[in-house]
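[1] Attaching a predicted model along with its sequence, questions to come.
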Amino acid sequence: MTPLPHNYKEPVLTLQGVSMTFNGEVVLRDINAQVLDVTRPGMNQGQVVGFYGRSGIGKSVLCRIMAGLLAPSSGTVHVGVNQLPVRPGMVGLVQQRYPLFDHRTLHDNLLVAALRKHAPDEAQRQVTSYLDRFCLTPHRKKYPAHLSGGQRQRAAIAQQLLCSEHLILLDEPFSGLDVAMIDEVKKIILEVTTMDELNTVVIVSHDIATTTALADRLWLLGYERDATGQLIPGATITQQHQYNLAEMGLAWHPNVEAEPEFAQFVEEIKSEIRGS
Ligand SMILES: Nc1ncnc2c1ncn2[C@@H]1O[C@H](COP(=O)(O)OP(=O)(O)OP(=O)(O)O)[C@@H](O)[C@H]1O
């Protein structure tokens, strides 16, 4: 498919030589990867990175490192246009178990998050706007236990957006949702990326087709082999496993999932994951 016009500006996320070892077990090895601010003529569009790898390979560990919640054994993570070393609170992380406070209403959960970044009046304004944008206003007085899975998911994304600085990591945002809810979460992700050119969403998912359709870049975490064919301990993201979908013409096309080139690419990615 024809690539749509786009340009790149400064980096918004840089991983340099990131490695992680737990009690002698090398989980991640020398990861170097970067996301650049992508601009499109006449469009306000942020970045979406699809992040894949087999179960247990180290995706959640890398997310926690990117969110500044876990220090890598070596290497650095820099975030934002100012490329500051990541600290806890700068990056939103929506994990599989959403960290909402059970004893607070949905509204108050969001307000707690907004107050971390804004003065009280502005925090309240932001919460009202996010409740509205994410179709959560009718549910604002409910406690998390009384929200559906999809509502909790939307609330968790809103909560992280309210207190983080442009970069948000979604760990398995589609798991456990029905097709209608998956469509809704896809819409939210698109909405998040069009709110601000600098908004960057990293999606960790086993749902390759759904995620690839949203992404303009993919990272595949896998193992390399040495010259004798032995697996090298520690997963990494090789240059070959960093795919630029914008340049391949697979980004931003409406209904891209229906295109034969897209289906073929998704199959290629799946077989890379099987072999990695
Ligand atoms: N705190 C820790 N101490 C020791 N080992 C850990 C720790 N955290 C993660 N690991 C190990 O790191 C490896 C990668 O785990 P991780 O949760 O990142 O995998 P994943 O790719 O996210 O898997 P899944 O797709 O199944 O969620 C696993 O072998 C796990 O046991």
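    Cool, got the structure.

[2] is any part of whichever strand or helix holds Ile65 close to the ligand?
    Assigned by DSSP states H and E, Ile65 belongs to helix 59-66. Yes - counting by C-beta under 6 Å from any ligand atom, the ligand has neighbours in helix 59-66: 59-61. Using the backbone N, CA and C atoms, a C-beta is placed for each residue, glycine as well.

[3] can you list those residues in CSV and add pLDDT?
    Compiled in CSV, the residues of helix 59-66 next to the ligand are given as follows (pLDDT from 0 to 100):
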residue, pLDDT
Lys59, 95
Ser60, 93
Val61, 96
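
[4] For the chain, which segments count as strands?
    7-22, 25-39, 47-52, 74-79, 84-85, 91-94, 167-171, 200-204, 217-220, 242-244 (DSSP state E).

[5] closest one to the ligand among these?
    strand 7-22 (3.4 Å; C-beta to the nearest ligand atom).

[6] Tell me which strands that closest one pairs with, and in which orientation.
    Strand pairing for strand 7-22, using DSSP bridges, gives strand 25-39 (antiparallel), strand 74-79 (antiparallel).

[7] Give me the buried positions along the shortest one.
    Buried residues in strand 74-79, defined by neighbour count with 16 or more other C-beta atoms under 10 Å: 75, 77-79.

[8] Closest one of those residues to Arg154?
    Proximity of these to Arg154 (C-beta to C-beta) peaks at Val79, which lies at 23.9 Å.

[9] ok now do the closest residue to that closest one other than its chain neighbours, which residues does it touch?
    Using C-beta to C-beta, 6 or more residues apart in numbering and skipping residues adjacent in sequence, the residue nearest Val79 is Val86, 4.9 Å away. Going by C-beta atoms under 8 Å, 6 or more residues apart in numbering, Val86 touches 66-68, 77-79.

[10] Val86 and Leu169, how far apart?
    11 Å (C-beta to C-beta, to the nearest Å).

[11] Give me the common contacts of those two.
    Joint contacts of Val86 and Leu169 (C-beta under 8 Å, 6+ apart) are 66-67.

[12] I'd like to know how many residues surround Gly50.
    By the criterion of other C-beta atoms under 10 Å, Gly50 has 25 neighbours.
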